[in-house]
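Q: Kindly return the folded structure for what I paste below:
(one chain, ligands or ions: 3)
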Amino acid sequence: MIELLSPQGMGEVDRASAAAGVSGATLMDNAGRAVAASAQRRWPDARRVLVLAGPGNNGGDGFVAARILAERGIEIVVAALGDRSALRGDAAAAASAWTGETRDLAQADYAWPDLIVDALFGAGLSRPLDGAAAEAVGRVNASGRPVLAVDVPSGLDGATGEALGGLAVQAAATATFVRLKPGHVLLPGRSICGPVDLADIGTPAAALAAAKPAAWLNRPELWADAVPTPAIDAHKYTRGHVAVWSGPALRTGAARLAAVAAFRAGAGAVTIVGERDALQVHAAHVTAIMLREPGEDGGWADILKERRVAAVAIGPGAGVGDGARLALAQARAAGCATVIDADVFSMFPGDPEGLAKLIATGQGGAALTPHDGEFARLFGSAAPAGSRLERATAAAARLGAVIVLKGPDTVVAAPDGRAAIADNAPPDLATAGAGDVLAGICAGLMAQRAPAFEAAAAAVWLHGEAAKVVGRGLIADDLPAALPAVLQRL
Ligand SMILES: NC(=O)C1=CN([C@@H]2O[C@H](COP(=O)(O)OP(=O)(O)OC[C@H]3O[C@@H](n4cnc5c(N)ncnc54)[C@H](OP(=O)(O)O)[C@@H]3O)[C@@H](O)[C@H]2O)[C@@H](O)CC1
Ligand SMILES: Nc1ncnc2c1ncn2[C@@H]1O[C@H](COP(=O)(O)OP(=O)(O)O)[C@@H](O)[C@H]1O
Ligand SMILES: [K+]
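A: Ligands and ions are numbered 1, 2, ... in the order given. Below you'll find the model as predicted:
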């Protein structure tokens, strides 16, 4: 499983490493070597390398990389921020071991190198860049030269993926150590970093064991065990029955997208429930999916019970009337796992506690799938602050439900603090109806008894992979049909 560690957690690991007998100097030496290796692997033809070295340990890594690359015959100039005598500890030792050309940062010649190594600031950056550092970053970004960033591009907050004060080095690639940080994956950080090389620098396992991950990268290892394959003696209801609540006749598309997606995700049976005129529209489009009027079998609550509905998707095209609200309440009361999306958020504007209360009336798992706009609508002025990771995690705790904060870097967060960040969704997913499909996949997996966090994380990953299978020209209708190819690979 690919763990993400906060810069603060990384600092704790470094201190634990020292206590376990691996010194900071050793870690720094290995880090600098890893930077040199990344530089040579990615830019094998670079003959002239400018290393920008900052006042802390990030700069120390830069001095080590400078020495290693110079030993391999590459021309190096180090441009250092601040006085060398001001360096402390391991960084001071690394700088002393560098005997080649060193200039003041202001004297750096950005037209000279084939490659720039950015070792100005890493995890220790505590405030926006200013003065000589800010000026250097502006010149680096205007230089047109490729940049290999050490740990994180200078200016980027490794915890949040934001550029502090809006200014950061734009890297062509980043070499980081031990663990990825959330800022490598969250946007805009992921774009600012470029591809990330992750190096082991000899951190003892004991030092890592105590570190609590800030999140995981959303990959199948995280949830594959919880996503079932059909048992040999399966029948349709044991695989899981999904019910999707449909809104009015002229707004049926979203519910249908969710229903088809739930089916493709492996639900054994799917029923769309709605008023007769809406069902007549659905009937013109679906075959294996069943259609029921809430009135016909004695009401939605009876359908849920008698037809052994395991999971409900409610929100896509649901409308904001009392019908949808009651349907949600009855789904919770019936113990169904519940995926809550789209129109439901408009029913509780600025009232997340109202929605939390309703969710808490049922035992079934619950996952909410808002995009940023829906998240803002639901939470109103009391919206949690911070990075997308922090906001999703705080929201999950407040709602007592899994939150899927959708976007190009979708965050899935559980009330117990677990979180996963996705990096596999292509921008082709920015198309109407893609969110409805995601809600359906999630409901399909929850109907198969996948717990809400695992189901949601799996749904997000499958959704992104299905989009890649379709590629350019994708519309939401294409996504469910692309799922079998992706499921086959699991
Ligand atoms: N296990 C690992 O991952 C290992 C990590 N290692 C490396 O250590 C790096 C972290 O090192 P670090 O803690 O010394 O912090 P770093 O990023 O060099 O910057 C701090 C310096 O900058 C200063 N400063 C801060 N903001 C500023 C500003 N806006 N403008 C000006 N100055 C500012 C700050 O001063 P202060 O805030 O105290 O005034 C301090 O002097 C990490 O990224 C990785 O490269 C390896 O060496 C070993 C193993
Ligand atoms: N630029 C992007 N890159 C990758 N995925 C994206 C991007 N924009 C949106 N998505 C994904 O597409 C889906 C859009 O959902 P949503 O905004 O609810 O659309 P709709 O309501 O039209 O169905 C979400 O799963 C989101 O994560
Ligand atoms: K850096």
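
Q: Phi and psi next, for the closest residue to ligand 1 within the stretch 301-450 of the chain.
A: Closest contact between the stretch 301-450 of the chain and ligand 1, by Cβ to the nearest ligand atom, is at S387 (18.3 Å). Bear in mind the C-beta positions are built from the backbone N, C-alpha and C, glycine included. Note on S387: backbone dihedrals following degrees, to the nearest 10 are phi -70, psi 170.

Q: which one is it nearest to, not counting chain neighbours?
A: Sequence neighbours aside, T160 is the residue nearest to S387 in space, at 3.7 Å (criterion: Cβ to Cβ, 6 or more residues apart in numbering).

Q: can I assume the one you found is in contact with G183?
A: Yes - with contact defined as Cβ atoms under 8 Å, T160 counts as touching G183 (6.0 Å).

Q: Common neighbours of these two, please.
A: Counting by Cβ atoms under 8 Å, 6 or more residues apart in numbering, the shared contacts of T160 and G183 are G189.

Q: Compare neighbour counts for the two and give me the winner.
A: The residue with more neighbours, out of T160 and G183, is G183; 32 against 20, by other Cβ atoms under 10 Å.

Q: What strand or helix carries that one?
A: For G183, the element it lies in under DSSP states H and E is helix 182-185.

Q: Can you tell me the centre-most residue of this structure?
A: Centroid check for the chain by Cα atoms, centre = their mean gives I421 as the closest residue, at 2.0 Å.

Q: Confirm for me that that residue is in contact with L187.
A: No - counting by Cβ under 8 Å, I421 stays clear of L187, with 9.9 Å between them.

Q: got any residues that touch both of those two?
A: By Cβ under 8 Å, 6+ apart, I421 and L187 have these common neighbours: D409.

Q: Pull the contacting residues for the residue of the stretch 351-490 of the chain found nearest ligand 2.
A: Residue nearest to ligand 2 within the stretch 351-490 of the chain (Cβ to the nearest ligand atom): G435, separated by 2.0 Å. Contacts of G435 were listed using Cβ under 8 Å, 6+ apart, and they are P316, D341, A342, T369, H371, K406.

Q: Give me the distance between the second one and ligand 2.
A: When distances are taken as Cβ to the nearest ligand atom, to the nearest Å, D341 and ligand 2 turn out to be 7 Å apart.

Q: would you list every one of the strands in the stretch 351-490 of the chain?
A: 366-368, 402-405, 411-413, 419-421 (DSSP state E, counting those that start in this stretch).

Q: Each with direction, which strands does the first one pair with?
A: Sheet pairing of strand 366-368 (DSSP bridges) gives strand 337-340 (parallel), strand 402-405 (parallel).

Q: Export those strands to TSV and append columns for mean pLDDT and mean neighbour count.
A: Converted to TSV, these look like this (pLDDT from 0 to 100; neighbours: other Cβ atoms under 10 Å):
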stretch	mean pLDDT	mean neighbour count
strand 337-340	98	31
strand 402-405	98	30
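
Q: Distance to ligand 1 added to these, as a markdown table?
A: Shown next, in a markdown table, are the strands paired with strand 366-368 (distance: least, Cβ to the nearest ligand atom, whole Å):
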| stretch | distance to ligand 1 |
| --- | --- |
| strand 337-340 | 38 |
| strand 402-405 | 27 |
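
Q: what about the ones you listed, which gets the closest to W112?
A: strand 402-405 (44.1 Å; Cβ to Cβ).
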